[in-house]
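1. Need the 3D shape of this:
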Amino acid sequence: MAKTEESTMEEHEAPAVTDSSRQQQAAQPVQVQVNDEKAMANYANFCRVTGSPEELIVDFGLNPQPVGVPKDPIHVTQRVIMNFYTAKRLLAALQMSVQRHEAVFGNLETDIQKRLKVQQ
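-> Sure thing, here's the model as predicted:
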């Protein structure tokens with residue numbers, strides 16, 4: 001199933017005559033055709049970021065014990081390797097998505113201890 005989505009992850013610019021028109025084109029979302037027929041969906045509640053001077057490595061896995069220090073090793077199920085330009089575009093896209101979510105549903109507290117205190 002092919003989809004059309006707005007994406008800040010890929011930026012395609014046509015040659016421009018002036019810097020101002022180049023900036024206007026870069027600020028507009030670009031329509032990118034995406035074919036996700038063979039995409040595999042996995043759930044992750046653990047993420048580790050490592051890298052080198054040229055690349056960023058993001059590992060995803062499932063932590064069966066999300067509170068406290070896990071007793072068993074966390075099994076990494078997916079690894080994404082990207083350059084820092086792509087990582088910066090991903091950071092911007094994630095930031096925008098989280099801001100939109102919080103605007104509708106409220107602040108996301110990432111400290112598990114604070115969330116547990118609120119529920120008690």
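2. Which pLDDT value goes with Leu56?
-> As predicted, Leu56 sits at a pLDDT of 97.
3. Now the residue lying closest to it once chain neighbours are set aside: which helix or strand?
-> Spatial nearest neighbour of Leu56, excluding adjacent residues (Cβ to Cβ, 6 or more residues apart in numbering): Ala87 at 4.5 Å. Backbone N, C-alpha and C define where each C-beta goes, glycine included. Assigned by DSSP states H and E, Ala87 belongs to helix 84-105.
4. Now do that helix: which elements does it pack against?
-> Here helix 84-105 touches strand 55-62, going by 3 or more Cβ pairs under 8 Å, 6 or more residues apart in numbering; DSSP states H and E.
5. Give the pairing partners of the strand it packs on; include direction for each.
-> Note on strand 55-62: by DSSP bridges, its sheet partners are strand 46-51 (antiparallel), strand 75-83 (antiparallel).
6. buried residues in it?
-> Of the residues in strand 55-62, Leu56, Val58, Asp59, Phe60, Gly61 count as buried by neighbour count, 16 or more other Cβ atoms under 10 Å.
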